[in-house]
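Asks: show me how the following folds:
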Amino acid sequence: MKIVYRVSPYLSSNPNPLGTDKSYIIKHCFNSFKKCLGNRKLIVISDAVNLGSGEVILAKSGNVETFHQQLDYVCNLPNEEKVMLVEDDYEWKENALDRIEEALNEFEIVTPYDHPGHYTEARFRDQPKLMRLIGSQIWREAPSTPLTFGCRAYVIKQNIDLIKSFGIRDHEMFVTLGELGLKVYAPIPSLATHLVTGLLAPGWLEKG
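Replies: Below you'll find the predicted structure:
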């Protein structure tokens, strides 16, 4: 599995429980991620941030541009290559990538993040959530996910124009891919959490 990790010095518009120091957020999240990285190849799409690890590709500035650089990198990989596209504001469990690699033998798209809104928001509350047990990890069908997700390279290569057309409108993008049969599956319990205040994965404790 190849990891394409994009990192930016700019804060997200979403409030982060770790505060407003992006340098600290980057360091905290990457230290968390390294614990599950193992010997997997790490490619860093860097918007003027030095992580001190991996093969670095200097990024164009901007969220859309760096996401599209991730996609372009994946398009040069073999169709069956497993890839993980990662944002810089996630906290991870140590077994996350092992579980994700295993799940990608069964599913087209996998997210590490069990989004609480998929249980609490009225638009999602009554949606069916198909569930599967893979190894010792439960996975459920999810309507969408933010832009940290795993797949095989062909998923992106065969849908690159469609994916890019959404910019970074992740929900609409994944809903449309789902209508094409490319469903997202999320882990229960979560293997990572997007660090957004009020939207941590169920059961995830805030850390400083």
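Asks: spatially central residue for this structure, please.
Replies: Closest residue to the average C-alpha location of the chain: residue 148 at 1.2 Å, with CA atoms, centre = their mean.
Asks: with just CA atoms, put the longest helix seen in the chain into PDB.
Replies: Using DSSP state H to define each element, the chain has its longest helix at helix 22-37. C-alpha atoms of helix 22-37 as PDB (Å, rounded to 0.1, in the frame of the first residue of the first chain):
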ATOM      1  CA  LYS A  22      -1.300  24.500  12.900                       C
ATOM      2  CA  SER A  23       2.300  23.500  13.400                       C
ATOM      3  CA  TYR A  24       1.300  21.700  16.600                       C
ATOM      4  CA  ILE A  25      -1.700  20.000  14.900                       C
ATOM      5  CA  ILE A  26       0.600  18.800  12.000                       C
ATOM      6  CA  LYS A  27       3.200  17.400  14.400                       C
ATOM      7  CA  HIS A  28       0.600  15.700  16.700                       C
ATOM      8  CA  CYS A  29      -1.300  14.100  13.800                       C
ATOM      9  CA  PHE A  30       1.800  13.000  11.900                       C
ATOM     10  CA  ASN A  31       3.300  11.400  15.100                       C
ATOM     11  CA  SER A  32       0.000   9.600  15.500                       C
ATOM     12  CA  PHE A  33       0.100   8.400  11.900                       C
ATOM     13  CA  LYS A  34       3.700   7.200  12.000                       C
ATOM     14  CA  LYS A  35       2.700   4.600  14.600                       C
ATOM     15  CA  CYS A  36       0.600   2.800  12.000                       C
ATOM     16  CA  LEU A  37       2.700   3.500   8.900                       C
END
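Asks: what comes up buried for that helix?
Replies: 22, 25, 26, 28, 29, 30, 32, 33, 36, 37 (16 or more other CB atoms under 10 Å). The C-beta positions use only the backbone N, C-alpha and C, and glycine is treated the same way.
Asks: neighbours of the residue nearest to the second one when sequence neighbours are not counted, how many?
Replies: With CB to CB, 6 or more residues apart in numbering as the criterion, residue 25 has its nearest non-adjacent residue at 5.1 Å, and that residue is residue 18. For residue 18, the count of nearby residues is 19 (other CB atoms under 10 Å).
Asks: hey, where'd the helices end up in this protein?
Replies: Under DSSP H, the chain gives helices at 22-37, 63-74, 96-103, 117-120, 122-125, 153-157, 160-165, 170-179.
Asks: no more questions from me, cheers.
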